[in-house]
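# Here is the input, now give the coordinates:
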Amino acid sequence: MSVLFCRDCGVDISGEPLFRRISFALENGEKAALVGPNGAGKTTLIRACLGDVRLESGEVQILGSYGYLPQTPIVEDEGNVFECVIQERGDLLQIQEQLRELEDKMASTPSEKVMEQYAALTESFERQGGYALEALVRRILAGLGLEAEINSQVASLSGGQKTRLALCKLLLRAPEILILDEPTNHLDIAALEWLEGYLRDYPGALLIVSHDRYFLDRIVSRVFCLENGELKGYTGNYSEYELLKILEAKTLGREAERLANKIAKLEDYVRRNKAGVNSKQARGRESQLQKLKPIQVTKVDHGLSISLGSGGRSGNRVLSIEDLSISFAARTLFSNVQLDLRRGDKVALLGKNGIGKTTLLKAILQKAPFKGTIRLGANVKIAYYSQEHENLGTSGTVMDEIRNVTKLKDPEIRNLLARYGFRKDDVFKLISVLSGGEKSRLALCKLFLEQGNLLLLDEPTNHLDVETRGVLEEALQEYEGTVLVVSHDRYFLDKVVNKIAELTSQGLLLFEGDYTGFKEYKQQEEMSAAPIERASKPSNQDKQESRNLAREKKRMKQLELEIEELEETLQALEEELAMADTNYELAMKLHEECEKVKSRRDSALEEWIAGND
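As a prediction, the model looks like this:
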C-alpha cells in the first residue's frame, strides 16, 4: 500500500520549469533514497510533496502521519533538552496527567466508572510505551551524542546540536512516514552508525536525501534519482543503483549507436537513389526514416575539474605535536596529544562530537589557545578549509571573492571558476544567495589558490553531491602534499586517507590504514577486551573487570525474571480489581497494590533498558 503518492508533479523556479511530470510512490515500511546532483531539485520536490512549495501541475497524496527534518531545522523550544524532546509525545504526557487525576478521584470519591476509566487509560498508556518513555528519550539523546547536554537549555546549543535535537524529537514522535534531508551532516561517526541501526529497524516508511554512500548502502532498498528534470526509480541500495546506472548508460549508448548507424545508412541510400532507377525504393526508405527518432544520450557534465596544487615541496617532517592540551574555562577538551606528520601522509582526525577536532586544527593555525608544542617543518605552507566557510566573505559576488585573493585577470578567473562548476552568469551570483554546495565549491577554489603543501580540511564533503565528492577524492589522491582531514564520510575516508588518528580526552591513537581497517581493528579490540580464559594468570584489574561483567550479566538475568514475575502479578491484581465491583474498600486496596507493583516493574524495566543500551 502506498503511503506517499506523487503523480505528474511539476515545479517552476523563477518562472522556469525545474522539473515536470515527476511520479513516484513510497510504500508502507519502504526505505528509499532520493539522490541526484546539487541543484537537481531534491529538496524542492520534497517540499512540494509536503505542500511547502507550489505545484504547477500534478497532485500528491500522503496517507498517514509524517515527520520532516530539513537541512537547517528551526528549534525555538524553551526549557532544557530533555523537556524539549519528551514534549514531542504530548499525547502520552496527557494520558499520564489524566491517570494522576483519576488516581486523586479514586482516593477521594471512588466509583466503578472512575476505576473503569483508569483501567482503560492504563492499558492504553502501557500499550503505547508510556512507562518506557523517559528511558527511550535518554536512549535517543545518547545515541545522537546529546547525552551530556540533557539538562542544558535549548537556547545554549550550537547550530549542529540543534539539528541533532530536531532529529531526536522526530525519532521519538515516530511518524508513519519519516522524511530526512541530509540527516548526517552534523553527526560524528559513532552517532551516524547508531542512527543507521535505528533507521534499519524503523517500522515506518523512510525517504532520505543524502550524499553519504555508506549510510544509504546500509539502510535503503530503493533509490530514486532526480536528474535533468526527470526521476527514475531503481531497486536495491546505493551501490546497486550505481551499478544499474552504469549498465543502463552502456546499454542505452549501444542502442543509440546502432540506431544512429541505421539512420545514417538510410539517409545515404535515399540521397544516392532519390532521382535514379531506385527512386521508388528510396521513397520507401525515406518514409521509414521519418518514423525513426535518434536516441538522445544525455552526457552529464558538471564542469568540474578540481585541483589542489601543493605549491613548493615541504621538508620530510611536516608537523610535530608534543604534549598538546586544550582547555576552556574549567573544562579540558583533551590532553597528552602526540602527532608526527611526514610529507605525503593523508591522515583522518576522528573523534566524538565536542571532543575538539576543529579546535585542534585551529590550534595548528595558532588561532586557538593551547599548552604544549606545535612545530612546522621546513618550507611548510598551510591551507585551511573550514566547514563553516568562515573564509568566505558575506557580501559581493563569486568573481569578487576570487579577485580579492589573486592577481589573475578576469578571463583567467572565469576559466578557473568554470573548473569548480561556476559557469556563465553563475560567477555573478551573490555570496549571500549561494547554496551550501556552491559555497563548498567556492571554498575549494580558494583553497587551490592558496597552494598549500599541508591541507587542514574540516568536513570538506559536507553539502557536496556524490559527483563532486568523487572529483574531490580524485584530487586528494593525486595531491602530492600532506593532508589532515576531519570527516565523517566513511566512503571518502576509505578512498583518501592512509592513516587514522582517533582523538580522545586522554590523547591520540594512530592507526595505519583506511577507515574500514580501523573499524575492524576497533571491533577486534572490543572483542579482546572482553574477559576470556587465558593461559597466563590474569591481573587484578582483569579479574575485577571479569567479576563486574559477570555480575552485570547476572543482574540483567535477574531483572528479566523480576519483570516477568511483576507482569504476572500485575495481571492477576488487575483481574481481581475488575471483579471487585462495588466493594470500594477492596478496590482501593487492590489499586494501591497495583501501583506499587507498577512502580517496581517500571524501575526494573528502566534499569534493564539502561543496562542493555
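# most centrally placed residue in this structure?
Most central in the chain under C-alpha atoms, centre = their mean is residue 184, positioned 1.8 Å from the mean C-alpha point.
# Not counting sequence-adjacent ones, nearest residue to that residue?
residue 212 (4.8 Å; C-beta to C-beta, 6 or more residues apart in numbering). (C-beta placed from N, C-alpha, C; glycine too.)
# Quick one: residues contacting that neighbour.
Contacts for residue 212 (C-beta atoms under 8 Å, 6 or more residues apart in numbering) come out as 184, 192, 489-491.
# so what's it scoring on pLDDT?
The per-residue pLDDT reported for residue 212 equals 88.
# before we move on, what about residue 493?
For residue 493, pLDDT reads 92.
# Kindly report the same for residue 175.
For residue 175, pLDDT reads 93.
# check contacts around it.
By C-beta under 8 Å, 6+ apart, the residues touching residue 175 are 64-67, 204.
# Give the helix, strand or coil label for it.
Under DSSP: H, G, I helix; E, B strand; the rest coil, residue 175 falls in the coil class.
# Over to the one 4 residues further on?
Three-state assignment for residue 179 (three-state DSSP): strand.
# what does residue 34 give?
strand.
# let's number from 21 now, not from 1
Got it, the first residue is 21 from now on, which makes the last one we talked about residue 54.
# does it have beta-bridge partners, and which?
Using DSSP bridges, the beta-bridge partners of residue 54 come out as residue 229, residue 244.
# ok, it to residue 251 distance?
Residue 54 sits 8 Å away from residue 251, going by C-beta to C-beta, to the nearest Å.
# now swap in residue 468 and tell me
Counting by C-beta to C-beta, the gap from residue 468 to residue 251 is 34 Å.
# of these two, who's got more company?
Neighbour count, other C-beta atoms under 10 Å: between residue 468 and residue 251, residue 251 has more, with 22 against 17.
# Surely that one is in contact with residue 42?
Yes: using C-beta atoms under 8 Å, residue 251 is in contact with residue 42, at 4.8 Å.
# quick one: common contacting residues for these two?
Counting by C-beta under 8 Å, 6+ apart, the residues touching both residue 251 and residue 42 are residue 65.
# tell me the pLDDT at residue 631?
Residue 631 is given a pLDDT of 68.
# sorry, that was for residue 382
Confidence for residue 382, expressed as pLDDT, is 93.
# Could you check how far the nearest residue to it once chain neighbours are set aside is from residue 379?
Distances taken as C-beta to C-beta, 6+ apart place residue 388 nearest to residue 382, at 4.0 Å, with adjacent residues excluded. As judged by C-beta to C-beta, residue 388 and residue 379 stand 5 Å apart.
# ok, residue 508 - contacts?
Residues in contact with residue 508 (C-beta under 8 Å, 6+ apart) are 204, 207-209, 212, 479.
# As a check, name the ranges of all strands in the stretch 171-320 of the chain.
Remark: strands assigned in the stretch 171-320 of the chain by DSSP state E, counting those that start in this stretch are 197-201, 225-229, 242-247, 250-255.
# returning to what we had before: out of the contacts of residue 232, which are inside helices?
Within the contacts of residue 232, residues falling in helices by DSSP state H are 212, 510-511.
# just for the stretch 521-633 of the chain, where's the confidence low?
The stretch 521-633 of the chain contains residues with pLDDT under 70 at 549-571, 573-574, 600-602, 604, 629-633.
# give me that answer again for 80
The stretch 521-633 of the chain contains residues with pLDDT under 80 at 546-581, 583-584, 587, 593-611, 621-633.
# Now do stretch 96-111: distance from first to last residue.
Stretch 96-111 has its terminal residues 20 Å apart, counting by C-alpha to C-alpha, to the nearest Å.
# Now it: buried residues?
97, 100-102, 104-106, 108-109 (16 or more other C-beta atoms under 10 Å).
# right, and the pair among the residues you listed with maximum separation?
Greatest spacing in the buried residues of stretch 96-111, by C-beta to C-beta: 100 and 109 (16.2 Å).
# Only the buried subset of the contacts of residue 232, as a ChimeraX command please.
The following ChimeraX line selects those of the contacts of residue 232 that are buried, judged by 16+ other C-beta under 10 Å:
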select :204,212,509,510,511
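# out of the contacts of residue 232, which one sits closest to residue 434?
Of those, the one sitting nearest to residue 434 (C-beta to C-beta) turns out to be residue 509, at 30.3 Å.
# does the nearest residue to the closest one once chain neighbours are set aside count as helix, strand or coil?
Spatial nearest neighbour of residue 509, excluding adjacent residues (C-beta to C-beta, 6+ apart): residue 481 at 4.6 Å. Recorded secondary structure, residue 481: coil (three-state DSSP).
# wait, residue 481 sits on residue 492?
Yes: in terms of C-beta under 8 Å, residue 481 counts as a neighbour of residue 492; the distance is 6.8 Å.
# Check the contact lists of the two and give me the overlap.
With C-beta under 8 Å, 6+ apart as the test, residue 481 and residue 492 both reach residue 512.
# Next one: residue 615 from residue 175, what distance?
Residue 615 is 37 Å from residue 175, where distance means C-beta to C-beta.
# And the strands in the stretch 471-620 of the chain?
So, for the stretch 471-620 of the chain - with DSSP E, counting those that start in this stretch - the strands run 474-478, 502-506, 519-524, 527-532.
# May I see these organised as JSON lines, with mean neighbour count added?
Converted to JSON lines, the strands of the stretch 471-620 of the chain look like this (neighbours: other C-beta atoms under 10 Å):
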{"stretch": "strand 474-478", "mean neighbour count": "23"}
{"stretch": "strand 502-506", "mean neighbour count": "24"}
{"stretch": "strand 519-524", "mean neighbour count": "20"}
{"stretch": "strand 527-532", "mean neighbour count": "15"}
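# Output these in JSON lines, with distance to residue 449 appended to each entry.
Shown next, in JSON lines, are the strands of the stretch 471-620 of the chain (distance: least, C-beta to C-beta, whole Å):
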{"stretch": "strand 474-478", "distance to residue 449": "24"}
{"stretch": "strand 502-506", "distance to residue 449": "28"}
{"stretch": "strand 519-524", "distance to residue 449": "37"}
{"stretch": "strand 527-532", "distance to residue 449": "41"}
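# from the contacts of residue 195, which two are the most distant?
Based on C-beta to C-beta, the longest span within those runs between 84 and 87 and measures 10.7 Å.
# which of these two has more neighbours?
Between residue 84 and residue 87, residue 87 has the larger neighbour count (other C-beta under 10 Å), namely 20 against 13.
# separation between that one and residue 196?
9 Å.
# now residue 153
Relative to residue 196, and taking C-beta to C-beta, residue 153 is found at 19 Å.
# again, but for residue 393
56 Å.
# same question, residue 204
23 Å.
# picking up where we left off before, what helix or strand is the residue nearest to residue 382 located in?
Residue 388 belongs to no helix or strand when assigned by DSSP states H and E.
# re earlier: intersection of neighbour lists for residue 84 and residue 87?
With contacts taken as C-beta under 8 Å, 6+ apart, the residues that reach both residue 84 and residue 87 are 195, 197.
# Output the ones in helices among the contacts of residue 232 as a markdown table; include the columns distance to residue 591.
A markdown table is the format used below for the ones in helices among the contacts of residue 232 (distance: C-beta to C-beta, whole Å):
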| residue | distance to residue 591 |
| --- | --- |
| 212 | 41 |
| 510 | 47 |
| 511 | 51 |
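# Out of those, which is nearest to residue 542?
So of those, ranked by how close each gets to residue 542 (C-beta to C-beta), first place is residue 510, at 12.9 Å.
# show me the contacts for the closest one.
209, 232, 234, 535-536.
# and if you look at residue 503?
Taking C-beta under 8 Å, 6+ apart, we find residue 503 in contact with 365-367, 474-475, 477, 496, 516-517.
# Next: residue 524.
Residues in contact with residue 524 (C-beta under 8 Å, 6+ apart) are 354, 371, 375.
# any chance of those in TSV, with pLDDT too?
As requested, these are arranged in TSV below (pLDDT from 0 to 100):
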residue	pLDDT
354	92
371	90
375	87
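# That'll do, ta.
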